[in-house]
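>>> Just to be clear, the model below is a prediction. Sequence and coordinates:
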Amino acid sequence: MKNHKFFPMFVDISQKRILVIGAGKIATRRIKILTDFANKITVVSPHISDEIQKLMKQGLINVRKREFCESDLQDADIVLAATNDRELNEKVGKSCLKNGIPVSVASHKELCSFYFPGIIKKDELVIGITASGEDHKKAKSIREKINENLNQWIE
Ligand SMILES: C[C@@]1(CC(=O)O)C2=NC(=C\c3[nH]c(c(CCC(=O)O)c3CC(=O)O)Cc3[nH]c(c(CC(=O)O)c3CCC(=O)O)/C=C3\N/C(=C\2)[C@@H](CCC(=O)O)[C@]3(C)CC(=O)O)/[C@H]1CCC(=O)O
Ligand SMILES: NC(=O)c1ccc[n+]([C@@H]2O[C@H](COP(=O)([O-])OP(=O)(O)OC[C@H]3O[C@@H](n4cnc5c(N)ncnc54)[C@H](O)[C@@H]3O)[C@@H](O)[C@H]2O)c1
C-alpha cells in the first residue's frame, strides 16, 4: 500500500462516549490525558488503579467495576482496549473494526484504526506525536524533548 501513515486529525471528542477497557498502568496514563478532552469517559475493569478511583470520585469518569462484556460496545463511540489480556484486547479490536467503531488496541498495532499519540498540551497548543507504530520509545523521547523546550520556544 502506498500510503499507510496515520493522519493527525484533530477531532472534537468532548461529547463522544469513550470506553476504556482496563484500568492499569497504560489505561491510567491515557485516561488522565483524555479527561482534558472528553466529558463522557467510561472505564470497565475489575481492578482499578488508585488514580482512576480518584478521577471517579471527582466525577470526571464513570466506572463499571467488572470484566468487559460485549454489550459494553453498544454505547461506545470510541474504544481503547488496554487490558493485560491480549486475547481479549484482540477480540475487542476485531469487533470494533467489524462494527466501524474507532479503536486503539494497546497490545496490537495492526488492530488499531487510530493510535493513541504522545501528547503535549500547553494553553491553546496541542501537540500529538506518533512514530507510526514503529518505535514507541522514539515517540516518548521526542515528546519529552519537545516538552523540555516548549516554554523556551514560546518565549
Ligand atoms: C505514544 C504512546 C502513547 C501512550 O501510550 O500514552 C504509545 N506508546 C507509548 C509508549 C510505549 N509503548 C510501548 C512501550 C514499551 C517499550 C516498547 O515496546 O517499545 C512504550 C515506552 C514506555 O511506555 O516507556 C509498548 C507497546 N506499544 C504498543 C504495543 C503493541 C504493538 O506495537 O503492537 C506495545 C508492545 C506491548 C507488548 O508487547 O506488551 C502499541 C502502541 N503504542 C502507541 C502509543 C500506539 C502508537 C505508537 C506510535 O505512534 O509509535 C500503538 C501502536 C497503539 C496504541 O496503543 O494506541 C506512548 C509514548 C508517548 C509518551 O510517553 O508520551
Ligand atoms: N501501547 C502502550 O503504550 C503499551 C505499553 C506497554 C504495554 N502495553 C500493553 O498494554 C496492555 C496493558 O498493560 P498495563 O501495563 O496497563 O497492564 P496492567 O496489568 O497494569 O493493567 C491491566 C488492566 O486490565 C484489566 N483487565 C484484565 N482483564 C480484564 C477484563 N476481562 N475486562 C476488563 N478489564 C480487564 C485489569 O483489571 C487491569 O486494570 C498490555 O496488553 C500490554 O501489552 C502497551
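That came through fine. Ligands and ions are numbered 1, 2, ... in the order given.
>>> which ones are touching E67?
E67 makes contact with 44-46 under the criterion CB atoms under 8 Å, 6 or more residues apart in numbering. Where C-beta positions appear, they are placed from N, C-alpha and C, glycine not excepted.
>>> Equivalent analysis for L111, please.
With CB under 8 Å, 6+ apart, L111 has these contacts: 89-90, 93-94, 97, 103, 105.
>>> about what we covered before: from the contacts of E67, list the buried ones, please.
44-45 (16 or more other CB atoms under 10 Å).
>>> ok, back up a step: specify which member of the contacts of L111 is nearest to L19.
Nearest to L19, judged by CB to CB, of those is V103 at 9.5 Å.
>>> Tell me if I'm right that that closest one and D77 touch.
No - with contact defined as CB atoms under 8 Å, V103 does not reach D77; the gap is 10.8 Å.
>>> For the two, indicate the residue with more neighbours.
The neighbour comparison of V103 against D77 (other CB atoms under 10 Å) goes to V103, with 26 against 14.
>>> gap between the closest residue to the more buried one other than its chain neighbours and ligand 2?
Nearest residue to V103 in three dimensions, chain neighbours excluded: C96, at 3.6 Å (CB to CB, 6 or more residues apart in numbering). For C96, the distance to ligand 2 (CB to the nearest ligand atom, to the nearest Å) stands at 15 Å.
>>> likewise A76?
13 Å.
>>> Confirm for me that that residue is in contact with I101.
Yes - A76 lies in contact with I101 (CB under 8 Å); the separation is 6.1 Å.
>>> Comparing those two, which residue is more hemmed in?
A76 (22 against 18).
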